[in-house]
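Peer 1: Sequence and predicted structure below; questions after.
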Amino acid sequence: RLAERGSDAGAPPPPPNPNFDFSFPVEFPGRPGLQINWNRGDDANVVALNFCDENGIPRNQLGDVVVFVQNAMGQVSGGGGGGGGGGAPASELSVAQKAEMVQQVVAMGVDFTQALQALERTNYVSVETALNSIFGS
């Protein structure tokens, strides 16, 4: 199963790729050090297909990779299912919106406590900001 690298991963994640707007370290069984990259406006299906082809990931895993990219794209854009209201101040967010943001970070493979702490530490600015505080991007 494709999952974003959590804090308990064995090796440190690779540094972000400066040639892309977004870089996410990923865990894939037997394939340490993978990273998926894309730019704003890229199609999730194309990003996933390129990632699979470039890394020798079997096509039967493409669906999981597409879902992963779609989830990540929704999180970094601040959209999709709440996404923090596109950067609304924490005081303007409902409890449900904050909970949705926590769930989005958790869906990326981060444990609940770490997700909550990162969002609180970054004042619920966005899921992307919280993920950057966790992964140092």
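Peer 2: Happy to help now that I have it. The structure displayed is predicted, hence computed values, not measured ones.

Peer 1: How much space separates the nearest residue to Gln61 once chain neighbours are set aside from Gly33?
Peer 2: Spatial nearest neighbour of Gln61, chain neighbours left out: Cys52 (6.6 Å); criterion: C-beta to C-beta, 6 or more residues apart in numbering. The C-beta positions use only the backbone N, C-alpha and C, and glycine is treated the same way. Using C-beta to C-beta, to the nearest Å, we find Cys52 at a distance of 16 Å from Gly33.

Peer 1: When those two are compared, which one has more neighbours?
Peer 2: Cys52 (20 against 13; other C-beta atoms under 10 Å).

Peer 1: wait, that one sits on Val65?
Peer 2: Yes - counting by C-beta atoms under 8 Å, Val65 is a contact partner of Cys52 at 5.8 Å.

Peer 1: hmm, who's touching the host helix or strand of Cys52?
Peer 2: For Cys52, the host element (DSSP states H and E) is helix 44-55. By C-beta atoms under 8 Å, 6 or more residues apart in numbering, the residues outside helix 44-55 that reach it are 28, 31, 34, 36-38, 57-59, 61-62, 65-66, 68-70, 73.
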